[in-house]
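[1] Fold the following for me, if possible:
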Amino acid sequence: MDLSLFFAILGGLLVLAFVANRLVRFTHVPDVIILMATGVLIGPALHWVNPAIFRGATPGFGSLALILILFEGGLDLKLGEIVKHFGPGFLLSIFSYVLTMAAVAGVSHFAMHFSWLDALLIGAILGCIGSSILLPVLQQVNLRREVKVTLLVEASLGDAYAVLAVTTLLDVAAGGSAAPKAIAWTLGSSLILAVASGILAGMLWSYLLPVLSEERFWHVLTFAAVLLVYSGVHFMMGNDLISVLVFGLTLSNIQTIRKRVHLDEPDRGDWFSEMPVTSEQGGLHHERRHAQMLTFHGELAFLLRTFFFVLLGMLVDFAGLRRSALFAFLCFAAILAAREITVQAGRLVWRTFSARERELMVWFIPRGLISAVLAIQVLDTRGSKFEFLPSLAFAIIVLSNFFLLVGTVRARNLPAAASGTGEETRSTEAATLLNPD
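    This next block holds a predicted model:
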């Protein structure tokens, strides 16, 4: 391919991704659908680009985008909000993921005759909601804050569950112990190591940032710290993605935590400065650095996410997609059934949610980046036996995002009372952690 044409396609893709992302608030069509459709168009349909050139780079693009999205997600979370709404979100996430994983595994085992281990792997990949897709949609729809934060907590934890489940099942498939006690120990130790490492790295980096942020390219240095945290925890056999999420969460909330435990004195100096810094000045500097980090890493994640979903569309095997069509519809039916059961069973937990809000919780089940990345990871690990997985993940992503589109349209018709009225609602929304860009 001519180099200038290649650069023109890259530039066009970025313009398309920006326009598609901005149009979400008007069309409610998830930009993921447009990006994957573009990949299908320029790859298998028109053959403008040879997808084989990028086949080896796709897992790297996906993993790097996932790292950045989780770090950005941690930066965007407010600890007070998470603690306040953690109970409903946690129950929704754990029951939804486990039940969906079991339902998809049941379909895979009984209808398609996979072994239970392989069936559980498929269920683990398709069981989680894509937080990178759901978050922008939640910024635009007319839902009460309590419902939004509950869904956000669910999506954030769902990514963690999927990574933990797939990692554990791959370890078992490679010859690890399948005993419940051994699995529980592996999961627990991996999670504890990840959380502890993320907190310690976040605390250390928060002390270094006051001096580093005065230098050029400090955003790149923070990106390097994210990669080092990920790689270090992976080397120590911890859950690397959870550590990145906790790293971002710690950086975002360290100032609030220090104030709560009275570690901020009225006048104190930074480690690297002899001049005293008041608490008010420290808070302003922290907010400025936080906003800059969120902007930089959000844009970097946007860049990688764009290329990944276009590459995913380019790599679609239509023959494999046709062979997997029935399986995909059966899996999606299992996902819908599990979601309906979970939401209806949880009525005792979220008693204040209206019937329409519970209905929307059923529609809001998009699959996205993490399902695609994990599908490619399982294919690379387990070999040709799982060649169908990328096509299956593509089909489920398309189907689930279509349902998300229907849900956002139905959210337009929510009664005004469902989103609150008056000055209280306006002041609450002004402080929301789900602010639009």
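[2] The stretch 201-350 of the chain: strands as residue ranges?
    Assigned by DSSP state E, counting those that start in this stretch, the stretch 201-350 of the chain shows strands spanning 267-269, 276-278.
[3] Residue 13 is in contact with residue 306, correct?
    Yes - taking CB atoms under 8 Å as the definition, residue 306 is a contact partner of residue 13 at 6.3 Å. Any C-beta I mention is one placed from the backbone N, CA and C, and that applies to glycine too.
[4] Find residues that contact each of these two.
    Taking CB atoms under 8 Å, 6 or more residues apart in numbering as the contact rule, residue 306 and residue 13 both touch residue 35.
[5] Can you pick out the residue with more neighbours from those two?
    Between residue 306 and residue 13, counted using other CB atoms under 10 Å, the more crowded position is residue 306 (24 against 19).
[6] Distance-wise, check the more buried one relative to residue 162.
    22 Å (CB to CB, to the nearest Å).
[7] Equivalent analysis for residue 388, please.
    19 Å.
[8] These two - which one has more neighbours?
    For residue 388 versus residue 162, the count of surrounding residues by other CB under 10 Å is larger for residue 162: 25 against 21.
[9] For the host helix or strand of that one, buried residues please.
    Residue 162 is located in helix 145-173, with elements delineated by DSSP states H and E. Neighbour-count burial for helix 145-173, counted by 16 or more other CB atoms under 10 Å, picks out 145-173.
[10] cool, and stretch 73-80?
    73-79.
[11] any idea which of those residues is closest to residue 395?
    Closest approach to residue 395 among the buried residues of stretch 73-80 (CB to CB): residue 73, at 25.7 Å.
[12] which helices and strands sit right next to whatever helix or strand the closest one lives in?
    In the assignment (DSSP H and E), residue 73 maps to helix 58-75. Applying 3 or more CB pairs under 8 Å, 6 or more residues apart in numbering; DSSP states H and E, one finds that helix 58-75 contacts helix 131-138, helix 218-235, helix 240-260, helix 279-314, helix 369-382.
[13] mind giving me TSV with those and columns for distance to residue 339 and mean pLDDT?
    Converted to TSV, the helices and strands packed on helix 58-75 look like this (distance: least, CB to CB, whole Å; pLDDT from 0 to 100):
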stretch	distance to residue 339	mean pLDDT
helix 131-138	13	76
helix 218-235	31	90
helix 240-260	23	81
helix 279-314	23	74
helix 369-382	15	86
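[14] Over to residue 174: give its phi and psi.
    Dihedral angles of residue 174 (phi, psi; degrees, to the nearest 10) stand at phi -80, psi 0.
[15] hang on, the earlier thing: among the buried residues of stretch 73-80, give me the pair with the biggest separation.
    Counting by CB to CB, the most remote pair of those is 73 and 79, 13.3 Å apart.
[16] now residue 356: how far from residue 24?
    For residue 356, the distance to residue 24 equals 21 Å [CB to CB].
[17] contacting residues around the spatially most central residue of the chain?
    Central residue of the chain (CA atoms, centre = their mean): residue 131, 3.5 Å from the mean position. Neighbouring residues of residue 131 by CB under 8 Å, 6+ apart: 69, 73, 152, 155-156, 158-159, 368, 370.
[18] So for the residue lying closest to it once chain neighbours are set aside, what's the pLDDT?
    Distances taken as CB to CB, 6 or more residues apart in numbering place residue 155 nearest to residue 131, at 3.7 Å, with adjacent residues excluded. pLDDT, residue 155: 82.
[19] just for the stretch 101-250 of the chain, where's the confidence low?
    For the stretch 101-250 of the chain, the stretches with pLDDT under 70 are 136, 139, 176-179.
[20] State the distance from residue 214 to residue 203.
    20 Å.
[21] Mind checking which of those two has more residues around it?
    Per other CB under 10 Å, whichever of residue 214 and residue 203 has more neighbours is residue 203, with 15 against 10.
[22] residue contacts, the more buried one?
    Counting by CB under 8 Å, 6+ apart, residue 203 has contacts 250, 254.
[23] Quickly note the distance from it to residue 90.
    25 Å.
[24] And residue 370, by the same measure?
    18 Å.
[25] next one: residue 134
    Counting by CB to CB, the gap from residue 134 to residue 90 is 16 Å.
[26] ok, the two, which is more surrounded?
    Neighbours per residue (other CB under 10 Å) separate residue 134 from residue 90, with residue 134 holding more: 23 against 16.
[27] pretty sure that one is touching residue 363, no?
    No - counting by CB under 8 Å, residue 134 sits too far from residue 363 to count as a contact (11.2 Å).
[28] which residues are in contact with both of these two?
    Contacts common to residue 134 and residue 363, judged by CB under 8 Å, 6+ apart, are residue 404.
[29] so residue 323 makes contact with residue 392?
    No - the pair residue 323 / residue 392 is not scored as a contact, 9.8 Å apart, by CB under 8 Å.
[30] who's more crowded, the two?
    residue 392 (24 against 15).
[31] Next up, the contacts around that one.
    122, 126, 324, 327-328, 331, 375 are the contacts of residue 392 under CB under 8 Å, 6+ apart.
[32] Among these, which one is most surrounded by other residues?
    For the contacts of residue 392, neighbours tallied by other CB under 10 Å; top is residue 126, 29 neighbours.
[33] Was I right to think that residue contacts residue 335?
    Yes - using CB under 8 Å, residue 126 is in contact with residue 335, at 6.7 Å.
[34] list residues touching both of those two?
    Shared contacts of residue 126 and residue 335, defined by CB under 8 Å, 6+ apart, comprise 100, 104, 396.
[35] right, and the helix or strand after the helix or strand encompassing the second one?
    Using DSSP H and E, residue 104 falls within helix 79-110. Of the helices and strands lying after helix 79-110 in sequence (DSSP H and E), the nearest is helix 116-126.
[36] Check which residues of that next one are buried.
    Buried residues in helix 116-126 (16+ other CB under 10 Å): 118-126.
[37] picking up where we left off before, among the buried residues of stretch 73-80, which one lies nearest to residue 293?
    Closest approach between these and residue 293, by CB to CB: residue 75, at 6.0 Å.
[38] List the residues that contact the closest one.
    Here residue 75 is in contact with 248-249, 251-252, 290, 293-294, 297 (criterion: CB under 8 Å, 6+ apart).
[39] ok, 10 Å please
    245, 247-253, 290-291, 293-295, 297-298 (CB atoms under 10 Å, 6 or more residues apart in numbering).
[40] just residue 120 next, same as before
    By CB under 10 Å, 6+ apart, the contact set of residue 120 is 101-102, 104-106, 108-109, 114, 127, 165-166, 168-169, 172-173.
[41] redo that, cut-off 7 Å
    With contacts defined as CB atoms under 7 Å, 6 or more residues apart in numbering, residue 120 is in contact with 101, 105, 169.
[42] With distance to residue 315 as new columns, can those residues be given to me in a markdown table?
    Formatted as a markdown table, the contacts of residue 120 follow (distance: CB to CB, whole Å):
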| residue | distance to residue 315 |
| --- | --- |
| 101 | 25 |
| 105 | 25 |
| 169 | 24 |
